[in-house]
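Q: Got a sequence here, can you build the structure:
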Amino acid sequence: MPQFATAAPPSDACALLSQPQLATTLGVEVDAGRHIIGAGDCRWTQPGKAGADVVVLQVNLTTAHAFETARTQMSGWNKTHETGIGDDAYTVENGKVTFLVSPTLSVKKGSVFFAIFAKIPKASLQQTKALEKAIALRVLEKL
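A: Numbers count the residues shown, from 1 in each chain. Modelled structure (predicted):
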């Protein structure tokens, strides 16, 4: 019987994206990324900027349970199924851009689950959602 090797799910969110990939996708240079709580999350920021003018991107590795729980409908929040991203994906948003809350793109690929949050100064909700999708496709290239 043939045996197939399977890759272990990633454990370091900072290893999912490189600075050059992010600079190309975001249109600005970013730092090397740092863990906020642990290896399962990573935040990249634009160096030399502060406050409302700084570009910030965060990727969190998550669990199947968290992925499904976040899909639950709540009053005041739109949850939209996304196609062409991993095995399953959806966006959660409340009609405006509020970093770490709205919009959030959650993606499943095999046994890997992750969420993406972006803050781009002066970007619209639609622009932020498009950027999160582009980042998700970059992450999926690594899986």
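Q: the helices in the chain, which residues?
A: For the chain, applying DSSP state H gives helices covering 19-26, 64-70, 125-142.
Q: low-confidence ranges in the chain?
A: For the chain, the stretches with pLDDT under 70 are 1-9.
Q: Bridging across strands, which residues link to the spatially most central residue of it?
A: Using C-alpha atoms, centre = their mean, the residue of the chain that lies closest to the mean C-alpha position is I116, 1.7 Å off. When assigned by DSSP bridges, I116 has beta-bridge partners V59, L105.
Q: hmm, back to that, which of the helices of the chain sits most buried?
A: helix 125-142 (a mean of 18; mean count of other C-beta atoms under 10 Å). Where you see a C-beta, it was placed from the backbone N, CA and C, and this is true even at glycine.
Q: can you give me the angle that helix makes with helix 19-26?
A: 150 degrees (axes from the mean of the first three to the mean of the last three C-alpha atoms, to 10 degrees).
Q: Just the CA coordinates for helix 125-142, please, in PDB.
A: C-alpha atoms of helix 125-142 as PDB (Å, rounded to 0.1, in the frame of the first residue of the first chain):
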ATOM      1  CA  LEU A 125     -14.000  48.500   3.000                       C
ATOM      2  CA  GLN A 126     -13.900  47.000  -0.500                       C
ATOM      3  CA  GLN A 127     -10.200  47.900  -1.000                       C
ATOM      4  CA  THR A 128      -9.400  46.300   2.400                       C
ATOM      5  CA  LYS A 129     -11.300  43.200   1.600                       C
ATOM      6  CA  ALA A 130      -9.500  42.900  -1.800                       C
ATOM      7  CA  LEU A 131      -6.200  43.300  -0.100                       C
ATOM      8  CA  GLU A 132      -7.000  40.600   2.500                       C
ATOM      9  CA  LYS A 133      -7.900  38.200  -0.300                       C
ATOM     10  CA  ALA A 134      -4.600  38.900  -2.100                       C
ATOM     11  CA  ILE A 135      -2.700  38.200   1.200                       C
ATOM     12  CA  ALA A 136      -4.700  35.000   1.700                       C
ATOM     13  CA  LEU A 137      -3.700  33.800  -1.800                       C
ATOM     14  CA  ARG A 138       0.000  34.500  -0.800                       C
ATOM     15  CA  VAL A 139      -0.400  32.400   2.400                       C
ATOM     16  CA  LEU A 140      -2.000  29.600   0.400                       C
ATOM     17  CA  GLU A 141       1.100  29.400  -1.800                       C
ATOM     18  CA  LYS A 142       3.100  28.300   1.300                       C
END
